[in-house]
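S.K.: output the structure for:
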Amino acid sequence: MKRLRGNEDGIALLVTLLVLVLIVALANEIFRIGARAAQTGAYGRDSIECGLLAEAGTGAARIALRQDARENSYDTLDEFWSRPVPPIELGNGVINVTVEDEERKIDLNLLVMPNGIAPDEQRLAIFRRLLDILGIDGAVADAVVDWLDADDSPRVGGAETAYYQGLPYPYSAKNDLFDTVDELRLVKGVTGEVFEKLRPFVTVFSSAKVNINTAPKEVIMALSAGSIAGAGEIGPAEADQLIAYRRDHPFRSVSDIKNVSPFFADLYGKTLLQNYIDVRSTVFHVRSIGTVAGTARTVDAIGLRSGNEIQWRFWRLE
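M.R.: Have a look, this model is predicted:
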């Protein structure tokens, strides 16, 4: 009951902070809104108001993440930043805000070594297992590595510039890191269906480790690949066991995974698993939608939490 009350208080705090941020934003922009409204009419006015609502939502999320950093040294799915927030009605508008940590996902940009030439075989094995779990052709892994690496020699199932230049609308292989997950659509084998399957489980912004407090079942299973698999494979039953355990016993350190079962104790002690997991998240995806009279605008932002500060690494207003 104490934890539930804490979550309720956290949500109330988030809503209160959201209102305060919105008031400040509106005060700063009121004259601009009036001028633009006169020029562009009701649609322009509503569009501007939607943008302000969306920006206010990201401001409130930023404050919530900073507050959370002061309270504990681990992140779970049961904290007020990660719990669903109901739509917030303010005046004629509505704000919908969601916050998701990127450490629950597998980072595509880490599939190649820092030199940009050779793949990171352990992380590549983990990604291949994720593809297998999702029922996606393993050749996609080769194509992703070719998109990332600095050379122009295609892997067995991959593709380099020669392939992409032969398409109806030709372009070149990037041979560099992904800037956004959406860029994955350009890679050979990543159809619309494949992209939708992959999108919930991959990122291009992370701290390089998977948060076992927030990772979904598919990512947890994928972690047992390559040299890690020597102690056994994390199957559906083992992943479900870990997820059930963390609901009542959040992992406060990576070594706590040993308490889930003898299997995980063995996995932790005999493999490199501890090098790929964490219990804290540092990168967050904030999606804030402001809606007024049927008009909506969305802010998609990626924030890096360093200490108690949030630094935006990506920001897009649509």
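S.K.: what about the strands in the stretch 51-200 of the chain?
M.R.: Using DSSP state E, counting those that start in this stretch, the strands of the stretch 51-200 of the chain run over 88-90, 93-101, 106-107.
S.K.: quick one, helices of the stretch 101-250 of the chain?
M.R.: According to DSSP state H, counting those that start in this stretch, the stretch 101-250 of the chain carries its helices in the segments 121-134, 139-148, 161-165, 192-198, 217-222, 236-248.
S.K.: distance to T76 and mean neighbour count added to those helices, as TSV?
M.R.: From N, CA and C alone the C-beta is placed, and that goes for glycine too. TSV is the format used below for those (distance: least, C-beta to C-beta, whole Å; neighbours: other C-beta atoms under 10 Å):
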stretch	distance to T76	mean neighbour count
helix 121-134	22	19
helix 139-148	30	23
helix 161-165	42	14
helix 192-198	24	14
helix 217-222	14	21
helix 236-248	7	15
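S.K.: output those helices in JSON lines; the columns should cover distance to L65 and mean pLDDT.
M.R.: What follows is the helices of the stretch 101-250 of the chain, written out as JSON lines (distance: least, C-beta to C-beta, whole Å; pLDDT from 0 to 100):
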{"stretch": "helix 121-134", "distance to L65": "27", "mean pLDDT": "96"}
{"stretch": "helix 139-148", "distance to L65": "29", "mean pLDDT": "97"}
{"stretch": "helix 161-165", "distance to L65": "38", "mean pLDDT": "97"}
{"stretch": "helix 192-198", "distance to L65": "26", "mean pLDDT": "97"}
{"stretch": "helix 217-222", "distance to L65": "21", "mean pLDDT": "97"}
{"stretch": "helix 236-248", "distance to L65": "20", "mean pLDDT": "96"}
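S.K.: of all these, which one comes closest to D300?
M.R.: Counting by C-beta to C-beta, D300 lies closest to helix 192-198 out of the helices of the stretch 101-250 of the chain; the figure is 16.2 Å.
S.K.: lovely, talk soon.
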